[in-house]
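> sharing a sequence plus its predicted fold:
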Amino acid sequence: MSQAAPQGHGHEQDHAVRVQRVVTSGTFSLDGETFDVDNNVWLVGDDEEVLIVDAAHDAPTIHKAVAGRRVTAIVCTHAHDDHIDAAAELSVLTGAPVLLHPDDNELWSFTHPGRKPDGELRDGRILTVAGIELQVIHSPGHTWGSCSLYAPFLDTVFTGDTLFHGGPGATGRSYSDRPTIEASLRNRLLTLPGNTVVRTGHGEDTTIAAERPHVPTV
C-alpha cells in the first residue's frame, strides 16, 4: 500500500521535493518473541532522485514506489529486524548504499550476518537528496544506535521508533534504556520547532509540540 504524504509547507521556494509513505507488513523478532507488525517506509525526494528511510519487509514493493528514480541512500533509523530486513535486497535492486549508526552493528548482524552496512550514520552528518538537506540526529534509547533525520525544508523529522504519536518508543527489550530515550527526546528532538511533523516508524504522524507533554521533564 502506498500513500502520498503532504509536501513541505511554509516555504516561499517552489520545490518538487515530497514525502511518500509506503506501508509494509511483516514480523518483528527479538528476545525470543515474534510479533506481526506494519511499518512505515518513507521516500523523500523529487522526480529524479529519492532517499529511503527504513527498508522494511518488502523490497519489491518499496522498489516499485521508487518508480525508476535514483536512490541516493537507504537510511536505517535503527537495526531492529523489521526496519532492516529488506535493506540488503533493496540495495541490490537500487544500487544504493545502506547507512546505519555503528552502535547498532551488533543488532544488524543478527539479521544480515553476511553483509555489513555500506556507510555510517553519525550525529550531525548531513545527507542530501533533491537539493535539500537532512540532518542525522543520534537519538539513542530505543536502541543504542537509533537515529532521527531532520529535514528543515520539509518541516519534518523522521524518528523511526524513537518518538511516536503518544510518546517515546518502547524500551522493554535488549539494547534499550528508558532514561536514555527520554534524555534523547528532551535534549535532541523536542527542541525542534513545535510545528515539525513527526513521521514515525509505525502508525500515524504527529508533531513535536503535540508530543512534548508526553515526555517527563526530568
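That came through, no problem.
> quick one: low-confidence parts of the protein?
1-15 (pLDDT under 70).
> which residues of it fall in helices?
Along the chain, the stretches classed as helices by DSSP state H are 59-66, 81-84, 87-94, 105-111, 178-184, 208-211.
> what residues sit buried inside the last one?
Okay, so that is helix 208-211. In terms of neighbour count (16 or more other C-beta atoms under 10 Å), helix 208-211 has its buried residues at 208, 211. Every C-beta, even on glycine, is put in place using the N, C-alpha and C of the backbone.
> got a list of contacts for that helix?
Residues from elsewhere that reach helix 208-211 (C-beta atoms under 8 Å, 6 or more residues apart in numbering): 157, 163, 165-167, 185, 189-190, 192-196, 198.
> go on, the fifth one?
The set of residues that contact helix 178-184 without belonging to it, under C-beta under 8 Å, 6+ apart, is 138-142, 146, 162, 168-169, 171, 215-216.
> any of the residues you listed buried? List them.
Buried among the contacts of helix 178-184 (16+ other C-beta under 10 Å): 138-142, 146, 162, 168-169, 171, 215.
> can you redo those as CSV with distance to Glu204?
Output for those, formatted as CSV (distance: C-beta to C-beta, whole Å):
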residue, distance to Glu204
His138, 25
Ser139, 20
Pro140, 24
Gly141, 21
His142, 18
Ser146, 20
Thr162, 16
Pro168, 16
Gly169, 14
Thr171, 21
Val215, 18
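> just the residues you listed: which are in strands?
When DSSP state E is applied, these are split such that 138, 168 fall in strands.
> just the closest of the buried ones among the contacts of helix 178-184 to Ile52, please.
Closest approach between these and Ile52, by C-beta to C-beta: Ser146, at 17.3 Å.
> residues near the closest residue to the closest one other than its chain neighbours, how many?
Nearest non-adjacent residue to Ser146, counting by C-beta to C-beta, 6 or more residues apart in numbering: His78, 4.3 Å away. Neighbour count of His78, defined by other C-beta atoms under 10 Å: 31.
> kindly report the same for Gly95.
Gly95 has 8 neighbours, counted by other C-beta under 10 Å.
> distance of Gly166 relative to Val53?
Going from Gly166 to Val53 by C-beta to C-beta, to the nearest Å gives 20 Å.
> er, Glu204 I mean
Using C-beta to C-beta, Glu204 is found at 16 Å from Val53.
> quick one, what contacts the nearest residue to Asn39 once chain neighbours are set aside?
Residue nearest to Asn39 in three dimensions, not counting chain neighbours: Ala56, with 3.6 Å by C-beta to C-beta, 6+ apart. Under the criterion of C-beta under 8 Å, 6+ apart, the neighbours of Ala56 are 24, 26, 39-41, 62, 82-86.
> which one (most neighbours) among the residues you listed?
Greatest neighbour count in those, by other C-beta under 10 Å, goes to His83: 31 neighbours.
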